[in-house]
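[1] build me a model from this:
(2 chains)
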Amino acid sequence: DQQVKQNSPSLSVQEGRISILNCDYTNSMFDYFLWYKKYPAEGPTFLISISSIKDKNEDGRFTVFLNKSAKHLSLHIVPSQPGDSAVYFCAAKKSGGSNYKLTFGKGTLLTVNP
Amino acid sequence: KAGVTQTPRYLIKTRGQQVTLSCSPISGHRSVSWYQQTPGQGLQFLFEYFSETQRNKGNFPGRFSGRQFSNSRSEMNVSTLELGDSALYLCASRDLAAPYNEQFFGPGTRLTVL
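    Next up, the predicted model:
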């Protein structure tokens, strides 16, 4: 049972345009969502996060939107740069206690073409 | 601060052997989690340790075990290796000081089982 889904295995955009990466989740107990970027042969790098009490969080070129009623979140990258080419993982954490277990989607490979 | 470090970076073992992987968290981070990344399953949570105790566990067989030392360094052990254990094993640390805090990942150990 995949609780966090990234339905697009890959996405290709032109440099300077907007990249939109999508993520859906099924578990209403998730209260914190994160996006990580991963280059080959490296560990995931934290990008941006959002708490379930918010619907938007912005950090520079990166904005994450959360639609709780639809159980959907998206990562917007504007403008996209070739260095953004990587695999992007959406992750979610359940509420409650000190347990911290991230449930990841399977990732979306973003390619930004010069 | 130095990032999360993992040793070794690459490892080749044969079926039936056992392996120990090591992780040093970011200084001051008391929580260490382990994840397995495979092409088919993506990133899957193995377990989390803090204060030298396992706090949370994923759905992996008992062949996968871990421990944490008083200096927060952690080791993960896999016994009786199977071909399907070939994966990238990622360690992540976090600061327990805040309830919402991201995990920082190491570069991973690439395990190949022949």
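[2] ok, stretch B:70-88 near chain A or not?
    No - judged by C-beta under 8 Å from any C-beta of the partner chain, stretch B:70-88 stays clear of chain A, getting no closer than 8.6 Å. To be clear about C-beta, it is placed using only N, CA and C from the backbone, and glycine gets the same treatment.
[3] so where's chain A uncertain?
    For chain A, the stretches with pLDDT under 70 are A:1, A:96-99.
[4] flag every residue of it that's near chain B.
    Taking C-beta under 8 Å from any C-beta, the part of chain A that reaches chain B is made up of A:32, A:34, A:36, A:41-46, A:49, A:51, A:89, A:91, A:98-107.
[5] now chain A against chain B: closest residue?
    Among the residues of chain A, residue A:43 lies closest to chain B, at 3.4 Å counting by C-beta to the nearest C-beta.
[6] thinking again about what came up before, buried ones among the residues of chain A next to chain B?
    Buried by 16 or more other C-beta atoms under 10 Å in any protein chain shown: A:32, A:34, A:36, A:43-44, A:46, A:49, A:89, A:91, A:100-107, out of these.
[7] all the strands of the chain, residue numbers only.
    Just going to use chain A. Assignment of strands within chain A using DSSP state E yields the ranges A:4-5, A:10-14, A:19-25, A:30-38, A:45-51, A:56-59, A:62-67, A:72-77, A:86-94, A:102-104, A:108-113.
[8] wait, I meant chain B there
    With DSSP E, the ranges of strands along chain B come out as B:5-7, B:10-13, B:19-24, B:31-38, B:42-50, B:53-57, B:64-68, B:74-78, B:87-94, B:104-105, B:109-113.
[9] got the residues of chain B near chain A?
    Near chain A, when you scan chain B using C-beta under 8 Å from any C-beta, you find B:4, B:31, B:33, B:35, B:41-45, B:48, B:50, B:55-56, B:58, B:90, B:92, B:94, B:96, B:100, B:102-108.
[10] isn't residue A:71 up against residue A:23?
    No - using C-beta atoms under 8 Å, residue A:71 is not in contact with residue A:23; the gap is 9.5 Å.
[11] more neighbours: those two, which one.
    Shown here are residue A:71 and residue A:23; by other C-beta atoms under 10 Å in any protein chain shown, residue A:23 has more neighbours (26 against 18).
[12] now do the same contact list for the residue nearest to the more buried one when sequence neighbours are not counted.
    The shortest distance from residue A:23 to any non-neighbouring residue, by C-beta to C-beta, 6 or more residues apart in numbering or on different chains, is to residue A:90 (3.4 Å). For residue A:90, the contact set (C-beta atoms under 8 Å, 6 or more residues apart in numbering or on different chains) comprises A:4, A:6, A:21, A:23, A:33, A:34, A:35, A:73, A:75, A:104, A:105.
[13] with residue B:17 instead?
    Counting by C-beta under 8 Å, 6+ apart, residue B:17 touches residue B:81.
[14] go on, residue B:9?
    Contacts for residue B:9 (C-beta under 8 Å, 6+ apart) come out as B:107, B:108, B:109, B:110.
[15] quick one: which of those is nearest residue B:11?
    Lowest distance from residue B:11 to the contacts of residue B:9 (C-beta to C-beta) belongs to residue B:109, with 6.1 Å.
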